[in-house]
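>>> Just need the structure, nothing else, for what follows:
(chains A and B)
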Amino acid sequence: MSVYVRLRVGSEAYAMPVEHVREVVGLGEVAVVPGSRPEMLGVRNLRGQILPVVDLALLLGIDVTAPPTRLLVAEAGGRAAGFAIDAVSEVGELQDPTEEAESDLLIGATLAGGDLIGLIDVPRVFDSLEGRGSERSGR
Amino acid sequence: MSDLDAELTDIFRDEAAERLDQMERALLAVESGDAAAESVDSLFRNAHTIKGAAGMLGLDDIRALAHAVEDVLAGVRDTGAFPPGLAAPLLRATTVLRAQVAGAQEPIDDLLRDLAASTAMLSPGEAGPPGARGAGAADTRLPDRDVREADPEADRPKAERRPLRVPAEKIDRLLDVVGEVMQYRGQLAHSLGGQVQLSPDVADVLTSGERMLDELKDTAIGMRTLPLAVITRRLPLAVRDLSVAAGKDIEFAVTGADTELDRVILESLYDQLAHLLRNAVIHGIESPAERSRAGKPARGRLEVRAVPRGSLVEIVVADDGRGVSAEVAEEASRDGSLADVLARPGYSTAAEVTDLAGRGVGLDAVKGYVQSMRGTFEVRSEPGRGMEVVLQLPLALALLDVLLFERGETVYGVPLTVAEQVVMVTRTLVLEGRPVLEVRGRLLPVADVADLVGARAPLLDDRPPALVIAAGGRRAVAMCDAVLGAEELVIKPLSPLFGGLDGYFGTAILGDGRIALLADPAMLTRRHRPATPMTATAEGRPAAPKVLVVEDSFTVRELQRSILEAAGYAVVTARHGRDALAALDRDTGIALVLTDLEMPELDGLELTRAIRAAGTRSSLPVVIVTSRGSEDDMRKGVEAGADAYMTKEGFDQQALLATVERLVGR
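Prediction:
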């Protein structure tokens, strides 16, 4: 058992290990960074820190109907980013992953109250974003 | 090695390096014959101190070498004469000592022998045969106490100035925090801006807070900076060695060595300065004989000059040598600046092969360095009169003067140094299928910032403001919605999560809390290709028919030239009718004449009549392109014998090309 922050993106449930979650705030004003990949929504000024904002739905390939409203600020290995999400549902203990995940951005998946919850691997998400390059350099 | 020993060795290195600097300066003075009387004393004292400290730390080679130097100097003291020829072996010794102090292991036996032998230059009666003096002889002759008594102030300033060792990260963190406080100040000023009048008390408090914050900022920046002297101390010796090797006679000077610069900038500046000085000594300054022939003083002048200019430092390397060749000067006046021409990658090789004096050797590297430090680079030179390379570098890397502008919803910034001017774009022309704008007589590519960075944005105004940006050897005009003004900003790098996105060198938070994206100037000046390419190209065409363009406006002339050349025609130009007739006499290969109507000397109608009247070329096709579009004008043109008549208003280059093509029968 470990403590996770559970969140909703579209109709799907995900969770992030609590040690990687710094805070959850409103989405705020996000400045677009032209030339970056589509999952990078831009940058946001969070109390003097310039935070990259990642579209979690797009990153995980989830269909959404409404734009995200909240920002989950995550940290790992000296890197930080805000993940745009719909809502945080609760913070609590979850079983360690029992199911293997298809995505390499997940630690795995676990069952809770009948929902299958994907457990997000924050350091790997960061590594993946760093390694993707940009639209401009990738062309 | 114990921690204490390591620390002592560090201190010894600093001290020995400083003493070696002093010794080299004194020896260079001796060599050029203008040594002060007390220089022997100070030389001796410095050698002696290095010897003593090296002995304590068990650095035997340094001790032995310093001892040998001391011996030679003792001989000088005794005889009271310092032959300038002695300076060379002593300078070799200080060079090796410096290397040894820095940790190099070089054999010193030969050098020790040379030093001993050099004493023969002193009068034989006084100095004695080489090697006659045993170890410690100098000590007996001149005990420490005597040395100190000779100059009681010798060591005191050193002790007072001993620096405190602070890890660089701590200073960087301090500067970060200062930057954040400045951001808050900006936000505070912004929030208060909209409020009603502040009470005088509150205003006072805010003003003094502001003043102290400025002072704190300057102090914090000051901790990251070091005087230029840190790297220029070694230059006189390097220039001397080079001059000797190249057979040049050069007077070298450094001014403004106390100017402070960010240590990161300084670290890599030495190589660039050394490079520029090497160029000047080897390629720029002529041999004494050549200089005399040219009516210049036999001794060349070479100077490094540093001048602080606000948040920038200007560093100039100037020589009075032969300067750039006339061809290079002409090339520069034709397409851009001297800096552009000389820093063109690959330029150096060509210059070296064809003309050693061509200069520009490796200036692309210097330029790259300056750009990476977000500075600017300029070259001034007159053939035969010398050359000045000017580097403008920011005083501190974390803070930068930025020109801010807006496009779409986004705020962008560029270093103020690359923004040459702000213009209003009223009318653009099309050149080689790309929009251009005439700025001060030059045609510069013009593009929407949104297209350059790849952003989506609503259409621009009819007369949008634009920045003229010079970077990477190119100038370009970037159009935006509004220019917001200049501001000193704290630069933060773009997050690595953007995957090394190029085009931005950082981000910054503005007073109103918005984020500015700091655009790499090269992204704004790179060639932007519009979506619709030219239909006519030069490819696949046989011989190029020659068109004579007759037009008194430089802009229109060059525009027509570019359109025709891009379509594969050869183009010759003339400024008016008389000029055109002369060109036709000279060049019988001209296949078509494209002429304006209103021109000085001989206008377009007269020119057309003159062509029709001449037997040999009476059938030469003539196209009139004019701003006079009335039916009456057109009739006059046709009556004069023109084959086609086109107006500049609503000028259509495809129609022009189609007409030309039809008339030359391709």
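
>>> drop to CA atoms for contacts and neighbour counts, all remaining ones
Will do.

>>> How many residues are close by the residue of the stretch 451-600 of chain B found nearest chain A?
For the stretch 451-600 of chain B, the residue closest to chain A is B:Gly499, as judged by Cα to the nearest Cα, at 4.1 Å. For B:Gly499, the tally of surrounding residues (other Cα atoms under 10 Å in any protein chain shown) stands at 23.

>>> repeat for B:Asp364
B:Asp364, neighbours per other Cα under 10 Å, totals 22.

>>> which ones are touching residue 88?
In the absence of a named chain, this looks at chain A. Residues near A:Val88 by Cα atoms under 8 Å, 6 or more residues apart in numbering or on different chains: A:Val5, A:Arg6, A:Leu7, A:Arg8.

>>> try chain B instead
Residues near B:Ala88 by Cα under 8 Å, 6+ apart: B:Glu31.

>>> and the helix or strand containing it, average pLDDT?
In this assignment (DSSP states H and E), B:Ala88 forms part of helix B:87-101. What helix B:87-101 shows for mean pLDDT is 90.

>>> which is the next helix or strand following it?
helix B:109-118.

>>> any idea how far that following helix is from the chain center?
43 Å (Cα atoms, centre = their mean, to the nearest Å).

>>> helices and strands around that helix, which ones?
Contact here means 3 or more Cα pairs under 8 Å, 6 or more residues apart in numbering or on different chains; DSSP states H and E; on that basis helix B:109-118 packs against helix B:60-79, helix B:87-101.

>>> Would you reformat these as JSON lines and include distance to B:Val572?
As requested, those are exported to JSON lines (distance: least, Cα to Cα, whole Å):
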{"stretch": "helix B:60-79", "distance to B:Val572": "72"}
{"stretch": "helix B:87-101", "distance to B:Val572": "61"}
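
>>> Compare these and give me the one nearest B:Asp204.
Closest of the helices and strands packed on helix B:109-118 to B:Asp204 is helix B:87-101, at 54.6 Å (criterion: Cα to Cα).

>>> Please export the C-alpha coordinates of that closest one as PDB.
Coordinates of the C-alpha atoms in helix B:87-101 are reproduced here as PDB (Å, rounded to 0.1, in the frame of the first residue of the first chain):
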ATOM      1  CA  ALA B  87      65.300  39.600 -20.000                       C
ATOM      2  CA  ALA B  88      64.700  36.800 -22.600                       C
ATOM      3  CA  PRO B  89      66.100  33.900 -20.500                       C
ATOM      4  CA  LEU B  90      64.400  35.200 -17.400                       C
ATOM      5  CA  LEU B  91      61.100  35.400 -19.300                       C
ATOM      6  CA  ARG B  92      61.500  31.800 -20.400                       C
ATOM      7  CA  ALA B  93      62.000  31.000 -16.700                       C
ATOM      8  CA  THR B  94      58.900  32.800 -15.600                       C
ATOM      9  CA  THR B  95      56.900  31.100 -18.300                       C
ATOM     10  CA  VAL B  96      58.100  27.700 -17.100                       C
ATOM     11  CA  LEU B  97      57.500  28.700 -13.500                       C
ATOM     12  CA  ARG B  98      54.000  29.600 -14.300                       C
ATOM     13  CA  ALA B  99      53.400  26.200 -15.900                       C
ATOM     14  CA  GLN B 100      55.000  24.500 -12.900                       C
ATOM     15  CA  VAL B 101      52.800  26.500 -10.500                       C
END
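
>>> Count the neighbours of residue 69 for me.
No chain specified, so I'll use chain A. 13.

>>> You answered for a different chain; I wanted chain B.
24.

>>> my read: it touches B:Asp114, true?
No. Using Cα atoms under 8 Å as the test, B:Val69 is too far from B:Asp114 to be in contact (10.5 Å).

>>> about what we covered before: quick one: mark the members of the contacts of A:Val88 that sit in helices.
Residues of the contacts of A:Val88 located in helices (DSSP state H): none.

>>> How about the residues of chain A by chain B?
Within reach of chain B by Cα under 8 Å from any Cα of the partner chain, chain A has these residues: A:31-37, A:40, A:43-45, A:48, A:50-52, A:126-127, A:129-137.

>>> so which of the helices and strands packed on helix B:109-118 comes closest to B:Val379?
Checking the helices and strands packed on helix B:109-118 against B:Val379 by Cα to Cα gives helix B:87-101 as the closest, at 32.6 Å.

>>> quick one, helices of chain A?
Using DSSP H, the helices of chain A run over residues A:56-60, A:122-131, A:135-138.

>>> With distance to B:Gly33 and mean neighbour count as new columns, can the ones you listed be given to me in CSV?
Formatted as CSV, the helices of chain A follow (distance: least, Cα to Cα, whole Å; neighbours: other Cα atoms under 10 Å in any protein chain shown):
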stretch, distance to B:Gly33, mean neighbour count
helix A:56-60, 74, 18
helix A:122-131, 62, 18
helix A:135-138, 60, 14
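
>>> Any chance of CSV for those, columns distance to B:Gln105 and mean pLDDT?
Formatted as CSV, the helices of chain A follow (distance: least, Cα to Cα, whole Å; pLDDT from 0 to 100):
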stretch, distance to B:Gln105, mean pLDDT
helix A:56-60, 57, 91
helix A:122-131, 44, 90
helix A:135-138, 46, 47
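
>>> okay, the ones you listed in JSON lines with distance to B:Leu97 next?
Compiled in JSON lines, those are given as follows (distance: least, Cα to Cα, whole Å):
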{"stretch": "helix A:56-60", "distance to B:Leu97": "60"}
{"stretch": "helix A:122-131", "distance to B:Leu97": "47"}
{"stretch": "helix A:135-138", "distance to B:Leu97": "49"}
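
>>> burial count for residue 86?
Went with chain A since none was named. 22.

>>> Chain B was what I was after
21.

>>> which residue packs closest to it, ignoring adjacent ones?
B:Ser118 (6.6 Å; Cα to Cα, 6 or more residues apart in numbering or on different chains).

>>> tally of neighbours for that neighbour?
18.

>>> With B:Ala189 instead?
By the measure other Cα under 10 Å, the count of residues near B:Ala189 is 14.

>>> cool, B:Gln105 as well?
For B:Gln105, using other Cα under 10 Å, the count is 11.

>>> next one: B:Ser630
B:Ser630: 9 surrounding residues under other Cα under 10 Å.

>>> With B:Phe405 instead?
B:Phe405 is flanked by 24 other residues according to other Cα under 10 Å.
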